[in-house]
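Trainee: I need the structure of the sequence given here:
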Amino acid sequence: MTDSALSRIAVQPVVSHAEMANAIRFLAIDAVENAKSGHPGMPMGMADVATVLFSRFLKFDASDPAWPDRDRFVLSAGHGSMLLYALLHLTGYAGVTTDELKAFRQWGSKTPGHPEYGHTPGVETTTGPLGQGIAAAVGMALAERLMNARFGDDLVDHYTYVIAGDGCLMEGISQEAISLAGHLKLGRLIVLYDDNEISIDGSTSLSCSDDQLARFKASGWSASRIDGHDPEAIAAAIRHARHDSRPSLIACRTVIGFGAPNRQGTEKAHGAPLGAAEVEKTRSALDWPHAPFQVPGAIADAWRETGAQGHAARRVWIERSRRQSSMGRSPFHDALNRKLPCGYADVMAQIRTHFGTEQPKIATRQASQLVIDVIAEALPNLLGGSADLTHSNLTRAKTQQPVRPDAFDGSYIHYGVREHAMAAAMNGIALHGGFIPYGGTFLSFADYSRPAIRLAALMGIRVIHVMTHDSIGLGEDGPTHQPVEHLASLRAIPNLLVFRPGDAVETAEAWDCALRADMNPSVLCLSRQALPTFRDVAGETNLVTFGAYVVIEPEEGRDITLIATGSEVSIALEAARLLEKDNVRAAVVSAPCFELFRRQSREYRTAVLGRVPRVGVEAAIEGDWARWLGDDGEFIGMTGFGASAPAETLYREFGITADEVAKAALRSIARSRMALTCA
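Mentor: Just a heads-up that it's a prediction; the model follows:
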């Protein structure tokens, strides 16, 4: 080696852990200060933990955020988003520039107030609602083990890390999530808990006195507490957790707002800018004499090297995957591919034709089970489950084996009575890649799943919720279990497809729509009671894809249009027959998915709805029905809660019958004619 080469090595500055961590702290401080909005305290407190994790343990390559075998990092405490944005910027993720940090929380930036999947490279899941991140991470860790069981260590061998705060652990969803993870022994899941003892109101002692370590241990986790500002203690704890067969909680005792002389350790550092004077004092206290958003070259270089240190591992993984036999490699890449395999269309067509030919009178939940039985064999990456309602939801295919702590080659998850965690874990499974997750519960329990469903819609990911017992038609269980407002509530969520099929054929078609909607979550609302099949199958067209379509069109034109969903389509058809006896020509429209109908052209919607008065029929509250019924329309449905009685009694007592629909049709026609006369 030449003297000049030796001299170049000699002058290379040694970058300390503290300098790397302070780069995170001050990027967060400066971005929040610049935006005059945000949460600086958590990034300042957890900078040491994040620095150790990213520089010493996390397997990633900033040049390829989608590398399938990367470690997953979830910022469950999403309000501390500048911690993540600073890390993404420092490690070299494309697009997360200094200008983007300066545009924190501003219109059009890649640095929104809380991390958003699909919006910012390197963000694994949208977080913000506390507890959702840790629960989604359980799904990611589970997906990793399931994929590993199928494809081995050469292709799937990574960890899932989470930074969670006190708020995440206070939220009830966290208990469901950690209980499930502990039961399944997800040893590749490591939670780094920002144990700073501060919440928005002040000390956590104001509202919480839980022994978090004891709680996690009781759920089958390894749990320890460390000094969150001691890099060697942090590294030792992570190293130990990586070799534990149980999921691990590392409680990192930190100081919120670390380094701010007058704010650290108090709630004042949590959710507001430090202020110019305090920022200057913090710069002095932490010996950071640099201008806002400025990171010295040596420190920036050290972080960029951290972002590139996984490049070699990724290249080795790519070569290893190429050496796999085509027989072994193809199923792996097929699993990661969002597209459905070639054989799927044939089996779906077969079950659809079977229903159209046989015309069964069965509950749509039963029709759904028959669909699942068929498609499970054609879709090896279909991953089912239920929140302890398997035999009611009918969600398990005959070929599916349960997932157990010692058997991750199964394809059916017994989530237990954990609807919150099930929905969030399904998000994590979908985000990880490799599976199409679906899970079951009762529609009345959709409220438990709603926060995670909303996030799935926001992220645009394919998860399928099978929600049975969809109306007062479930009968004797009474109003606590009868979902009257839930359809309207779910339909209010943007980007969510809500299906309420009216017979077996529509059920198959709804499943087909849900599986093909790789940018939408779906909810299948299915009946407990048996429904007659009113459709035959002519041609290959899936009519549910239109959202609504004409079932009966009178030859000589319409006097009234009857629109119904689900179990009420058969009531509308009967009402049309009654009206025919009075020489009233009624068209019947089935509307299994208003969201898809809304996407159709104005011309199509007008052709389906007609220009005559309309009556809507649904055993639920009116919600947004007025949009489809117009000024002369009338809605037949629920105006309050249900009651406990047999289904047929409830439909009669609440006036959801063919007779009542026919009367409403006659009233609507009369009102329309009166209006024309007056005009």
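
Trainee: mind checking pLDDT for residue 489?
Mentor: pLDDT for residue 489: 98.

Trainee: in a helix, it, correct?
Mentor: Yes. Checked against DSSP: H, G, I helix; E, B strand; the rest coil, residue 489 lies within a helix.

Trainee: low-confidence ranges, the chain, go.
Mentor: 1-12, 325-329, 679 (pLDDT under 70).

Trainee: which residues of the stretch 451-600 of the chain fall in strands?
Mentor: Ranges of strands in the stretch 451-600 of the chain, per DSSP state E, counting those that start in this stretch, are 464-468, 497-499, 522-526, 530-531, 549-552, 560-564, 586-590.

Trainee: including distance to residue 172 and mean neighbour count, could those go into JSON lines?
Mentor: Backbone N, C-alpha and C define where each C-beta goes, glycine included. Shown next, in JSON lines, are those (distance: least, C-beta to C-beta, whole Å; neighbours: other C-beta atoms under 10 Å):
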{"stretch": "strand 464-468", "distance to residue 172": "19", "mean neighbour count": "27"}
{"stretch": "strand 497-499", "distance to residue 172": "25", "mean neighbour count": "26"}
{"stretch": "strand 522-526", "distance to residue 172": "22", "mean neighbour count": "28"}
{"stretch": "strand 530-531", "distance to residue 172": "36", "mean neighbour count": "20"}
{"stretch": "strand 549-552", "distance to residue 172": "42", "mean neighbour count": "18"}
{"stretch": "strand 560-564", "distance to residue 172": "37", "mean neighbour count": "29"}
{"stretch": "strand 586-590", "distance to residue 172": "39", "mean neighbour count": "26"}
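
Trainee: in TSV, list those strands along with distance to residue 432.
Mentor: Compiled in TSV, the strands of the stretch 451-600 of the chain are given as follows (distance: least, C-beta to C-beta, whole Å):
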stretch	distance to residue 432
strand 464-468	16
strand 497-499	22
strand 522-526	19
strand 530-531	36
strand 549-552	36
strand 560-564	39
strand 586-590	36
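
Trainee: from the chain's centre, how far out does stretch 371-386 sit?
Mentor: Stretch 371-386 sits 19 Å away from the centroid of its parent chain (C-alpha atoms, centre = their mean, to the nearest Å).

Trainee: and it, end to end?
Mentor: 16 Å (C-alpha to C-alpha, to the nearest Å).

Trainee: got the buried residues for that stretch?
Mentor: Neighbour-count burial for stretch 371-386, counted by 16 or more other C-beta atoms under 10 Å, picks out 371-376, 378-379, 381-386.

Trainee: try stretch 480-494
Mentor: 481-491, 493.

Trainee: quick revisit: of the buried residues of stretch 371-386, which pair is most distant in space?
Mentor: 378 and 386 (20.9 Å; C-beta to C-beta).

Trainee: who are the contact partners of the residue minimising distance to the centre of the chain?
Mentor: By C-alpha atoms, centre = their mean, the chain has its centre lying nearest to residue 456, at 3.0 Å. Residue 456 sits next to 423, 426-427, 430, 463, 496, 521 when contact means C-beta atoms under 8 Å, 6 or more residues apart in numbering.

Trainee: related to what we said a few turns ago, tell me which of the buried residues of stretch 371-386 fall in helices.
Mentor: In this view, the buried residues of stretch 371-386 that belong to helices under DSSP state H are 371-376, 378.

Trainee: show me what residue 499 bridges to in the sheet.
Mentor: As for beta bridges, residue 499 partners with residue 524 under DSSP bridges.

Trainee: so it touches residue 591, yeah?
Mentor: No. When contacts are counted by C-beta atoms under 8 Å, residue 499 is not listed as touching residue 591 (10.4 Å).

Trainee: helices along the stretch 551-679 of the chain, start to end?
Mentor: 568-581, 594-598, 602-609, 626-629, 647-653, 658-678 (DSSP state H, counting those that start in this stretch).

Trainee: out of the contacts of residue 456, which is nearest to residue 233?
Mentor: residue 427 (32.7 Å).

Trainee: closest to residue 606 out of the buried residues of stretch 480-494?
Mentor: residue 491 (21.1 Å).
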